[in-house]
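A.B. asks: Generate coordinates for the sequence data below:
(chains A and B)
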2 protein chains.
Amino acid sequence: MAEVAARTVMLAGGVGGARLGHGLQAHLGEQLTVVVNTGDDLERHGLLVCPDHDTVMYTLAGIDNREWGWGIAGETFATAEMLERYGEESWFRLGDRDLATHIVRTARLRAGERLTTICRDLQRALGVRAAILPMTDAQVRTEVLTEDGWLEFQEYFVHRHQAPTVTDLRFRGIEDAAATPEVLEALEASELIVIAPSNPFVSVRPILAVDGIEAALQAARARGVPVVAVSGIVGGKAIKGPADRMLVSLGHEASALGVARQYTGVADVFVLDNVDETLAPAIEALGLRTVVTDTIMVDDAGRARLASAVLAAANVG
Amino acid sequence: MAEVAARTVMLAGGVGGARLGHGLQAHLGEQLTVVVNTGDDLERHGLLVCPDHDTVMYTLAGIDNREWGWGIAGETFATAEMLERYGEESWFRLGDRDLATHIVRTARLRAGERLTTICRDLQRALGVRAAILPMTDAQVRTEVLTEDGWLEFQEYFVHRHQAPTVTDLRFRGIEDAAATPEVLEALEASELIVIAPSNPFVSVRPILAVDGIEAALQAARARGVPVVAVSGIVGGKAIKGPADRMLVSLGHEASALGVARQYTGVADVFVLDNVDETLAPAIEALGLRTVVTDTIMVDDAGRARLASAVLAAANVG
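C.D. replies: Numbering: from 1, shown residues only, chains lettered A, B, ... in the order given. The predicted structure is shown next:
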């Protein structure tokens, strides 16, 4: 099947978005814009770390560490070991190469530059063809409510290994966060919008909560741009991360159907895995057209195949 | 010869001070305080780098890179390579382990801590027995006047490989720099003061120019504490760095005698190398008692030997 390259905007979190983004970039090149969640960002050792942006950037640059599923290929930890010798907290360990990203970003932010400008320069330096845009230049910090009270996202996600049960979410700073001109222009020019197989609550929802983004998405839909969402839940389990447990603890169903329910009124097409085929009628009943395909991206071929299916799903619409 | 361990304060720059400091620490342990020049400090990639402090710290911690004569043993440059990929200036290259020092220091400074407090913690974490004190917590920046105008010290020293001729010096910020309580207490309690074989102009002079330090040194002398200066010029050449050329371009003689002239009225004893023995009478004529010995520190034995000679020189005084 031959798809026409279309100006595509994908809303994404980390790993799932990075893999599908890599597949889409292979088809679309510069036509692809990825809008990434920044609610997971954190400061470590005085440096701003943007885990979702950086995972997508390293993956689209082709330097992602396939063995670990995060970080940079060939990464080393000499600085981290020395930081630990100095008694610095070590639960969020930064690799030597990765640190360069945070060092440059932090220095330039302190010099008054915009996060978006800095990220675009970093991407270009690494040869990324797509544009990866932070959802906002403002500081938004996702927090989760657990039996231990409100926790910063990475405290929950990395330090506590997602063990606490999440019963509520909030995005600190979201009231003051506005969409950037770059994000709005990309959505205005878009011919296709994709919602990555990312966590609906902590990856996609913060993006849509930024002032101006959901309105721009709805404006695009109103002019006929299809929004294709991809399920990150396969066979009732999250491919990566705590989305399955979060669905349950937030009162939903840990299934592709549970994910689809988060996207009614936002998406037009829902892509789910072959193993979840029986859920398709219930999802169609929500008003979403379904596409059933192999959504597992174990290698480049898998990434390109799912990207192809997503583009085809939009074209048939 | 058995010296009695004495509370000793050494004023020092980088490599020469680090080596003699290592030798003195072997004799004196916690009795040694090294007051280091901070006029060579600089900001790289948004991080505060303190070359003299760190050279002394790594050396006294026993992790100095003996092969290179600077930095940390076994150092790697993964972060630096990535920084270069991002287009960052690469003339002042920071190693991965070394970077941890600058990262922690910068984060804690931004959090409002004093440079002295931070440095002491870093030293203790590395097992340094002596105390290494920045000459001040204030920002002082040495600049050198050349045919290209005023240059920041590291721009001259590292970037331009000390090629420009230095015709004047200034210490930007020195008017607002005061000695710390730690430096003043060390000088008040001192039984011996040593001036390291460091550059008299850009290592020792900024320390003495900090408000309170020379006065405290003179107060110590007034109560009989000997000040022993060691020549960093041997056979008319600087063991390391541009001190020999600076002596000439600033209107002095590139010799141990030229160095000794910088310390009249400050030091009581002058230690010079065997090869410069013929200069001893002229130095004595300046009012400095001389000690002629082997001042070259090629290994631990050499460091301990010179330290021993310095301590003996004071005891005989």
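
A.B. asks: okay, CA-based contacts and neighbour counts for the rest of this
C.D. replies: Fine.

A.B. asks: Near chain B, which residues of chain A are found?
C.D. replies: A:45-47, A:76, A:78-83, A:85-87, A:96-101, A:103-104, A:106-107, A:121-122, A:125-126 (CA under 8 Å from any CA of the partner chain).

A.B. asks: roughly how far out does stretch A:199-214 sit from the chain middle?
C.D. replies: Here stretch A:199-214 is found 10 Å from its chain centre; the criterion is CA atoms, centre = their mean, to the nearest Å.

A.B. asks: Kindly apply the preceding question to stretch A:247-267 instead.
C.D. replies: Centroid separation for stretch A:247-267 versus its chain: 17 Å, with CA atoms, centre = their mean.

A.B. asks: Could you check what's spatially nearest to A:Thr180, not counting adjacent residues?
C.D. replies: Excluding the flanking residues, the one nearest A:Thr180 by CA to CA, 6 or more residues apart in numbering or on different chains is A:Thr136, at 5.7 Å.

A.B. asks: Hmm, A:Ala177 and that neighbour touching each other?
C.D. replies: Yes - applying CA atoms under 8 Å as the test, A:Thr136 and A:Ala177 come out as touching, 6.3 Å apart.

A.B. asks: Common neighbours of these two, please.
C.D. replies: With contacts defined as CA atoms under 8 Å, 6 or more residues apart in numbering or on different chains, the residues shared by A:Thr136 and A:Ala177 are A:Val210.

A.B. asks: out of the two, which sits in the busier spot?
C.D. replies: Neighbours were counted for A:Thr136 and for A:Ala177 using other CA atoms under 10 Å in any protein chain shown; A:Thr136 has more, 28 against 18.

A.B. asks: ok, which stretches of chain A are helices?
C.D. replies: Ranges of helices in chain A, per DSSP state H, are A:15-28, A:51-60, A:78-85, A:96-110, A:115-125, A:153-154, A:181-189, A:205-209, A:213-222, A:243-249, A:256-262, A:280-284, A:300-316.

A.B. asks: export these to JSON lines and tack on mean neighbour count, mean pLDDT and distance to B:Arg289?
C.D. replies: Shown next, in JSON lines, are those (neighbours: other CA atoms under 10 Å in any protein chain shown; pLDDT from 0 to 100; distance: least, CA to CA, whole Å):
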{"stretch": "helix A:15-28", "mean neighbour count": "26", "mean pLDDT": "95", "distance to B:Arg289": "71"}
{"stretch": "helix A:51-60", "mean neighbour count": "26", "mean pLDDT": "97", "distance to B:Arg289": "63"}
{"stretch": "helix A:78-85", "mean neighbour count": "21", "mean pLDDT": "97", "distance to B:Arg289": "44"}
{"stretch": "helix A:96-110", "mean neighbour count": "21", "mean pLDDT": "98", "distance to B:Arg289": "51"}
{"stretch": "helix A:115-125", "mean neighbour count": "18", "mean pLDDT": "98", "distance to B:Arg289": "60"}
{"stretch": "helix A:153-154", "mean neighbour count": "23", "mean pLDDT": "91", "distance to B:Arg289": "64"}
{"stretch": "helix A:181-189", "mean neighbour count": "18", "mean pLDDT": "98", "distance to B:Arg289": "72"}
{"stretch": "helix A:205-209", "mean neighbour count": "21", "mean pLDDT": "98", "distance to B:Arg289": "74"}
{"stretch": "helix A:213-222", "mean neighbour count": "17", "mean pLDDT": "98", "distance to B:Arg289": "78"}
{"stretch": "helix A:243-249", "mean neighbour count": "21", "mean pLDDT": "92", "distance to B:Arg289": "78"}
{"stretch": "helix A:256-262", "mean neighbour count": "23", "mean pLDDT": "97", "distance to B:Arg289": "85"}
{"stretch": "helix A:280-284", "mean neighbour count": "18", "mean pLDDT": "97", "distance to B:Arg289": "94"}
{"stretch": "helix A:300-316", "mean neighbour count": "18", "mean pLDDT": "90", "distance to B:Arg289": "77"}
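
A.B. asks: For these, give me JSON lines that also has distance to B:Arg170.
C.D. replies: Output for these, formatted as JSON lines (distance: least, CA to CA, whole Å):
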{"stretch": "helix A:15-28", "distance to B:Arg170": "52"}
{"stretch": "helix A:51-60", "distance to B:Arg170": "43"}
{"stretch": "helix A:78-85", "distance to B:Arg170": "35"}
{"stretch": "helix A:96-110", "distance to B:Arg170": "27"}
{"stretch": "helix A:115-125", "distance to B:Arg170": "36"}
{"stretch": "helix A:153-154", "distance to B:Arg170": "47"}
{"stretch": "helix A:181-189", "distance to B:Arg170": "47"}
{"stretch": "helix A:205-209", "distance to B:Arg170": "52"}
{"stretch": "helix A:213-222", "distance to B:Arg170": "54"}
{"stretch": "helix A:243-249", "distance to B:Arg170": "60"}
{"stretch": "helix A:256-262", "distance to B:Arg170": "65"}
{"stretch": "helix A:280-284", "distance to B:Arg170": "74"}
{"stretch": "helix A:300-316", "distance to B:Arg170": "59"}
